[in-house]
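Undergrad: Fold the stuff below for me.
(one chain, ligands or ions: 2)
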Amino acid sequence: MAEQVLIFDTTLRDGEQTPGTSMNVSQKLRVARALAKLRVDVIEAGFPMTSQGDFEAVSLMANEIRDCQIAALTRPIEKDIEVSWEAIAKAENPRLHVFLSSSDIHLVHQLKMNREEVLEMAVAGVRQACKHTSNVEFSPMDASRTDRDYLVQIIEATIAAGATTINIPDTVGYAVPEEFGGLIKYLFENVSNIDKAVISVHCHNDLGLATANSLAAVMNGARQIEVTVNGIGERAGNAALEEIVMLFRTRSELLGLDTRVNTEEIYNISRLVSTIAGLIVQPNKAIVGANAFAHESGIHQDGILKEVSTYEIMRPKDIGIRKSKLVLGKTSGRHAFQDKLESLGYTVSREDLNRLFNRFKEVADKKKEVFDEDIEAIVADELVRGPEKYKLIYLNVSAGTTVRPTATVSIEIDGEQMVQAGFGTGPIDATYNTIAKMTGTKSTLIHFSISSLTGGTDAQGEVTVRLQEDDHVIIGQGSDPDIIIASAKAYITGLNRLESMKQNPYRSLD
Ligand code: KIV
Ligand code: ZN
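TA: Ligands and ions are numbered 1, 2, ... in the order given. Predicted coordinates for the structure are as follows:
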């Protein structure tokens, strides 16, 4: 029987540190519910000390989510630990995750502390955390660049102080698999009390080696891997949950390892996180990219038609991809719509159902055939939106070979309806110029892309924009069968995200 590796998901903490991403409290709760359904072992719900929003989100998850451990990240500082504990205390199985840098580079240039002081602080933090729970994890940050003897010393001391999980981060994604596997082996051979803790790894993807390094660690005895959905996270991100889980599932005979994850929920959560975080999954991304199961070459297609295993090592259905089906049309009723939502994995309240159904009817009026992808886009648009300072009421554009492109836009700003018209070099430029004038935004549009959700000229267009204002970079998305309306929705979603980023600033940690 395969040995179990624990999956510690940090989409809501490290994943939220992805540049351009911010999730509000209800969006975080939605992701946490999906993670629980996916059956990860631990959800790192946040870093409560960093903002009031994070504290609230972590508390709500701790109150609601069951059958998963809920972890909060904390520095080894008395106030942080108390605030973090307050946030997770009601969880079924709360975990305090204490971290402190251990490499000389960080000690000298960032912490300005010596090794003895850091060791003392780490031990004191773990001891204090243990007053609340025996489920305490300690991470010596930048472990892969830490002097090995000192790393052994700090691990021994924190285990002796009560830590039951020791996490070895490759914080800057610097390690290579043989080296990182060797480090884990070294720790097993040299940390005298290592049998009293689970060894975990947390690998960043700066050199594209996060999954390979995590695998090397597990081959050398680690039994917890820290991951994020779609591999999001600081800089180049973290080891991707879907890669690790499908690696163990697909090669279980060779590796003798597995996880408790329900792989059929992978595709749903990948789409949800992509929409909520506003981060498009690259088409060639392993497991969840749009091309992951697409076969282009004639020889491959021929093989697949004869016997799927010729060119496919996993089945799309293993990760929950269903064949795109024509589902509903203009005459479909509320009941059929609700059934369809449930089969796509969405259980919604009565109020949300009404909203979604109205939106579905609008799309079905414009477009004869409504596919699963259309419904998912409607759900994404309607349910994962955050607070809205700006709302699009209507949009009329005129454009063509003989007219100057003009947009007339009506938007609600803080509940007050306004109408204005403006020009541009094309209909989208006219729309954006007008919205920019009405909202007085100072943001710059740094990226715009449009794609079609399904085939056919009546397909819904999905628009993604990237906006920058000062240090904030955010992503907005919108979909509609009319690409100018989809563009306006994406822009307004982006402006709302910028607003909520300004409303929920991070506390400075000093
Ligand atoms: O990358 C890192 O070292 C971290 C720690 C807080 C675990 O995210
Ligand atoms: Zn990290």
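
Undergrad: top helix in this structure by residue count?
TA: Taking DSSP state H as the criterion, the chain has its longest helix at helix 483-503.

Undergrad: Give me the below-cutoff pLDDT ranges for the chain.
TA: Low-confidence segments of the chain (pLDDT under 70): 20, 323-327, 384-386, 504-510.

Undergrad: Pop the domain breakdown of it in here.
TA: Listed by automatic domain parsing, the domain ranges of the chain are 3-277, 293-322, 324-384, 386-503.

Undergrad: so which of these gets nearest residue 284?
TA: domain 293-322 (9.5 Å; C-beta to C-beta). For every residue, glycine as well, the C-beta is placed using N, CA and C.

Undergrad: quick one on the thing from earlier: list the buried residues for the longest helix of the chain?
TA: For helix 483-503, a neighbour-count test (16 or more other C-beta atoms under 10 Å) marks 483-501 as buried.

Undergrad: helices or strands up against it?
TA: strand 390-398, strand 406-413, helix 427-439, strand 444-452, strand 461-469, strand 472-480 (3 or more C-beta pairs under 8 Å, 6 or more residues apart in numbering; DSSP states H and E).

Undergrad: if you compare the domains of the chain, which one is most tucked away?
TA: domain 3-277 (a mean of 21; mean count of other C-beta atoms under 10 Å).

Undergrad: before we move on, the earlier item: the helices and strands packed on helix 483-503: which one's closest to ligand 1?
TA: Closest to ligand 1 of the helices and strands packed on helix 483-503 is strand 472-480 (C-beta to the nearest ligand atom; 20.4 Å).

Undergrad: Helix or strand: which one has the closest residue to residue 196 other than its chain neighbours?
TA: Spatial nearest neighbour of residue 196, chain neighbours left out: residue 159 (5.3 Å); criterion: C-beta to C-beta, 6 or more residues apart in numbering. Element membership of residue 159 [criterion: DSSP states H and E] is helix 148-160.

Undergrad: what's the helix or strand that that helix is followed by packed up against?
TA: Towards the C-terminus, the helix or strand next in line after helix 148-160, according to DSSP H and E, is strand 165-170. Packing partners of strand 165-170 (3+ C-beta pairs under 8 Å, 6+ apart): strand 94-101, strand 136-141, helix 148-160, helix 177-190, strand 198-203, helix 210-219, strand 224-227.

Undergrad: okay, these in CSV with distance to residue 6 next?
TA: Formatted as CSV, the helices and strands packed on strand 165-170 follow (distance: least, C-beta to C-beta, whole Å):
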stretch, distance to residue 6
strand 94-101, 11
strand 136-141, 11
helix 148-160, 17
helix 177-190, 15
strand 198-203, 7
helix 210-219, 10
strand 224-227, 4
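
Undergrad: Nearest to residue 40, out of those?
TA: Among the helices and strands packed on strand 165-170, the nearest to residue 40 by C-beta to C-beta is strand 224-227 (8.3 Å).

Undergrad: In the sheet, which strands lie alongside that closest one, parallel or antiparallel?
TA: Strand pairing for strand 224-227, determined by DSSP bridges: strand 6-9 (parallel), strand 198-203 (parallel).

Undergrad: rewinding a little: let me see the contact set for the residue nearest to residue 196.
TA: 166, 191, 193, 194, 196, 197 (C-beta atoms under 8 Å, 6 or more residues apart in numbering).

Undergrad: Distance check, the residue of the chain positioned farthest from its centre against ligand 1.
TA: For the chain, the C-alpha farthest from the mean C-alpha position belongs to residue 402; by C-alpha atoms, centre = their mean, that distance is 45.6 Å. Per C-beta to the nearest ligand atom, to the nearest Å, residue 402 is found 57 Å from ligand 1.

Undergrad: quick one on the thing from earlier: turn the helices and strands packed on strand 165-170 into a markdown table, columns for distance to ligand 1.
TA: Listed next are the helices and strands packed on strand 165-170 as a markdown table, based on distance: least, C-beta to the nearest ligand atom, whole Å:
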| stretch | distance to ligand 1 |
| --- | --- |
| strand 94-101 | 4 |
| strand 136-141 | 4 |
| helix 148-160 | 13 |
| helix 177-190 | 13 |
| strand 198-203 | 5 |
| helix 210-219 | 11 |
| strand 224-227 | 7 |
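
Undergrad: Skipping its backbone neighbours, what lies nearest residue 49 in space?
TA: Nearest to residue 49 is residue 80, by C-beta to C-beta, 6+ apart, at 4.6 Å.

Undergrad: er, residue 169 I mean
TA: Nearest one to residue 169, counting by C-beta to C-beta, 6+ apart, is residue 202 at 4.1 Å.

Undergrad: Hmm, residue 140 and that neighbour touching each other?
TA: No - contact criterion C-beta atoms under 8 Å: residue 202 and residue 140 do not qualify, at 10.7 Å.

Undergrad: Common neighbours of the two, please.
TA: In contact with both residue 202 and residue 140: 168, 169, using C-beta under 8 Å, 6+ apart.

Undergrad: report the angle between the axes of the helix holding residue 159 and strand 198-203?
TA: Following axes from the mean of the first three to the mean of the last three C-alpha atoms, to 10 degrees, one obtains 130 degrees for the angle between helix 148-160 and strand 198-203.

Undergrad: so how far does stretch 465-480 reach from one end to the other?
TA: Start and end residues of stretch 465-480 are separated by 15 Å (C-alpha to C-alpha, to the nearest Å).

Undergrad: which element is residue 338 on?
TA: Assigned by DSSP H and E, residue 338 belongs to helix 334-343.

Undergrad: which residues sit against that helix?
TA: So helix 334-343 is contacted by 327, 328, 347, 348, 353, 356, 357, 360, 372, 375, 379 (C-beta under 8 Å, 6+ apart).
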